[in-house]
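Colleague: Generate coordinates for the sequence data below:
(one chain, ligands or ions: 1)
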Amino acid sequence: AAIVEHVFHIKNVLVKPLCKEQMIPAVNGSLPGPTINVREGDTLVVNVINNSTYNITIHWHGVFQLKSSWMDGVNMITQCPIQPSNNFTYRFDITGQEGTLLWHAHVLNLRATLHGALIIRPRSRRPYPFPKPYKEVPLIFGQWWNMDVGLLNIRPAPLSDAYLINGLAGDSYSCSKKRMFKLKVVQGKTYLLRIINAALNSHLFFKIANHNVTVVALDAVYTTPYVSDVMILTPGQTVDALLTADQPSGLYYMAISPYTSAHGQPFPAQVTRGLIIYEDTVKSSSSVMPLMPELNDISTAHRFSSNITALVGGPHWTPVPRHVDEKMFITVGFGLEPCPLGTKCPGYLGQLYAGSLNNRSFMYPESTSLQEAYFYNITGIYTDDFPDQPPLKFDYTDFVMRTESDYKMMFPEKRTSVKTLKFNSTVEIVVQNTGIVTTESHPMHLHGFNFYVLGYGFGNYDPIRHARMLNLLNPQMHNTVGVPPGGWVVLRFIANNPGAWMFHCHMDAHLQYGIGMAFIVQNGETSLLSPPSNLPQCTRDPTIYDSPTA
Ligand code: C2O
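Modeller: This is a model prediction of the structure:
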């Protein structure tokens, strides 16, 4: 195993993916930022030097952080941010996982421009559990706004201006016609596409004209090979897929387009394209376009997500634990927050949107990170009272407030609530999408652990009928899963890593609205170590950011 070192210089730089120059915070001057390549078992060391005008943390999305929870990089959960003109070195081992993940800023909306690929290959001399590809190609999907990312933090979230493939908007937007992602391929060769949805707020369909792909991993967990002509990734999800150049020579477009099930909401229906060019293509060849699914094609989205199964017996596969210690039912959805007096709010019924889990709208701590508060026993930072609740039923066709619980659901309480878990306990969570205010898929992401997705469905979860239908044999493991609109998922994981771990919606806007909570896993065979001595301190208001033009 090796020590892999990187330096991330974060500075405000001018970029111009569309027609207008925009100042953005970027790592080493590029959008997306640098790709990190490691092997399973390596130690990754990244020195983050913050010369931007923003407070920054960097999160290693999907990395287990075994015994290194101080390195999870979540603003005000595991650390105070790295302030301008400061630096912090992240250092952790990467064990027990391989595939494609991503790193991204975990402060406000800065993930919009601070993200990149984190590629974990098998230890040396260990093969992939699929034929060795001729080449590997990272494909990072981003979302672009012609505005200061620091100002994106408003409700409702402003519509984006473009999607990007590896930082490029391509030929479907003006001013970027020549800046399109192009992949040259050799006839008959197979490529491993390492696909990352780093978009802030959009699920994305991905398709390549006339080509099928074979999915071999999802969220850096190997899958049974799954052949498809289309895929969908929620924000935060990653897919490893094999693409064989098996078509006649020519030009073939690839494209990404958004998916949303939210009704009556304006949505940027932009399609962003890239191009696959066969090596011996002649100049005059015509190009083929993929036909993208509709914006609200729930069935295509659901089919892809729910059909993929784990590679049983493959590297790092472990059977599903049968005994459950802790059962939780968590509702996810929107409610409202009364519009401050004297202002006008553009949200539903003239109120502000408020997101919640079990009627709690998550508030980040403000003076001390949650994990430090836990470790040092500092009171008043959070409350260990994340509510338990029995399975509830919703009328998805006609939500009318009738009961007290309906009212609660409509106006969630703002709190920093955590749920404490015993070390090594097996936790099962039914996440029920309430579909109140708007029916929308919520990509729920768990820090520090992968979870088995034992079942998906639409409508109300039925604890008797559905519990008998769960897949305990070969369910795929994820770190992020889309909870179907007006539907449910059942997750199971083993809480074997002490520390504070967030569970939140990976639509960045939804996290800002409060769709989040945190677990605190208690000490057991392993304990939460003392924080590194140079862990950033909160000496300035962590909620403040400066405009990059300042
Ligand atoms: Cu990828 Cu808490 O995030």
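Colleague: In the stretch 401-550 of the chain, what residue spans correspond to strands?
Modeller: If you assign secondary structure with DSSP state E, counting those that start in this stretch, the strands in the stretch 401-550 of the chain sit at 413-415, 418-421, 425-433, 442-446, 451-458, 477-478, 480-483, 487-495, 499-505, 516-521.
Colleague: for the nearest residue to Val271 once chain neighbours are set aside, which residues make a bridge with it?
Modeller: The shortest distance from Val271 to any residue that is not its chain neighbour, by Cβ to Cβ, 6 or more residues apart in numbering, is 4.5 Å, and that residue is Ser257. Just so you know, the C-beta spots here come from the backbone N, C-alpha and C atoms, and that holds for glycine as well. For Ser257, the beta-bridge assignment (DSSP bridges) gives partners Phe205.
Colleague: Ok, Met23 next?
Modeller: Beta-bridge partners recorded for Met23 (DSSP bridges): Leu14.
Colleague: wait, the residue nearest to Val271 sits on His203?
Modeller: No: judged on Cβ atoms under 8 Å, Ser257 makes no contact with His203 at a distance of 10.0 Å.
Colleague: Now for the residue nearest to Val271: which residues touch it?
Modeller: For Ser257, the residues meeting the contact criterion (Cβ atoms under 8 Å, 6 or more residues apart in numbering) are 163, 204-205, 269-272, 292-293, 295.
Colleague: switch the cut-off to 7 Å
Modeller: The contact partners of Ser257, taken as Cβ atoms under 7 Å, 6 or more residues apart in numbering, are 204-205, 271, 292.
Colleague: Equivalent analysis for Phe205, please.
Modeller: 230, 232, 256-257, 259, 292-293.
Colleague: ok now the strand or helix carrying Phe8, how far from the chain's centre?
Modeller: Using DSSP states H and E, Phe8 falls within strand 3-15. In terms of Cα atoms, centre = their mean, to the nearest Å, the centre of strand 3-15 is found 21 Å from the chain centre.
Colleague: closest point of the stretch 51-200 of the chain to the ligand, which residue?
Modeller: Using Cβ to the nearest ligand atom, the closest approach of the stretch 51-200 of the chain to the ligand is made by His61 at 3.6 Å.
Colleague: tell me, how many neighbours does the residue nearest to that residue when sequence neighbours are not counted end up with?
Modeller: Ranked by Cβ to Cβ, 6+ apart and with sequence neighbours excluded, the top spatial neighbour of His61 is Leu102, at 5.0 Å. Other residues within reach of Leu102 by the criterion other Cβ atoms under 10 Å amount to 29.
Colleague: Let me know the angle separating the helix or strand containing Leu102 from strand 3-15.
Modeller: Using DSSP H and E, Leu102 sits in strand 99-105. When axes from the mean of the first three to the mean of the last three Cα atoms, to 10 degrees is applied, the directions of strand 99-105 and strand 3-15 differ by 50 degrees.
Colleague: what is the rounded mean pLDDT of strand 99-105?
Modeller: The average pLDDT within strand 99-105 is 98.
Colleague: Packing partners of it?
Modeller: With contacts defined as 3 or more Cβ pairs under 7 Å, 6 or more residues apart in numbering; DSSP states H and E, strand 99-105 has these neighbours: strand 58-61, strand 115-121, strand 190-197, strand 238-244.
Colleague: which non-adjacent residue is nearest Gln247?
Modeller: With sequence-adjacent residues excluded and distances taken as Cβ to Cβ, 6+ apart, Gln247 is closest to Asn210, at 5.2 Å.
Colleague: no wait, Asn197
Modeller: By the measure of Cβ to Cβ, 6+ apart, the closest residue to Asn197 outside its immediate chain neighbours is Leu233, 3.7 Å from it.
Colleague: Report pLDDT for the one you found.
Modeller: 98.
Colleague: Does it touch Arg194 like I think?
Modeller: No: in this structure Leu233 lies outside contact range of Arg194 using Cβ atoms under 7 Å: 11.9 Å.
Colleague: out of those two, which sits in the busier spot?
Modeller: Comparing Leu233 with Arg194 by neighbour count (other Cβ under 10 Å), the higher total belongs to Leu233, at 28 against 24.
Colleague: how about the more buried one, what does it touch?
Modeller: Contact analysis of Leu233 by Cβ under 7 Å, 6+ apart lists 195, 197, 203-204, 206, 239.
Colleague: for His504, same thing?
Modeller: His504 is in contact with 445, 511, 515-516, counting by Cβ under 7 Å, 6+ apart.
Colleague: Closest one of those residues to the ligand?
Modeller: Proximity of the contacts of His504 to the ligand, judged by Cβ to the nearest ligand atom, is greatest for His445, which lies at 5.2 Å.
Colleague: Could you check how many residues crowd around the closest one?
Modeller: Counted with other Cβ under 10 Å, the burial measure for His445 works out to 24 neighbours.
Colleague: Just the pLDDT for it.
Modeller: His445 is assigned 98 on the pLDDT scale.
Colleague: what's the pLDDT at the spatially most central residue of the chain?
Modeller: Nearest residue to the geometric centre of the chain (Cα atoms, centre = their mean): Gly236, 2.1 Å. At Gly236 the predicted local distance difference test score is 98.
Colleague: what does this protein put close to the ligand?
Modeller: Within the chain, the residues that sit near the ligand (Cβ under 6 Å from any ligand atom) are 59, 61, 74, 104, 106, 236, 445, 447, 502, 504, 506.
Colleague: would you list those in TSV and tack on distance to Val46?
Modeller: Conversion of the residues of the chain next to the ligand to TSV gives the following (distance: Cβ to Cβ, whole Å):
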residue	distance to Val46
His59	11
His61	14
Val74	15
His104	13
His106	14
Gly236	19
His445	21
His447	17
Met502	20
His504	23
His506	22
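Colleague: which one of the residues you listed is nearest His478?
Modeller: Within the set of the residues of the chain next to the ligand, His445 lies nearest His478; the separation is 8.8 Å, counting by Cβ to Cβ.
Colleague: three-state assignment of Ala373?
Modeller: Three-state assignment for Ala373 (DSSP: H, G, I helix; E, B strand; the rest coil): helix.
Colleague: if we can go back for a sec, any chance you could list what contacts the strand holding Leu102?
Modeller: Under Cβ under 7 Å, 6+ apart, the answer for strand 99-105 is 36, 56-63, 111, 114-120, 194, 196, 198, 217, 220-221, 238, 240.
Colleague: Perfect, that will be all.
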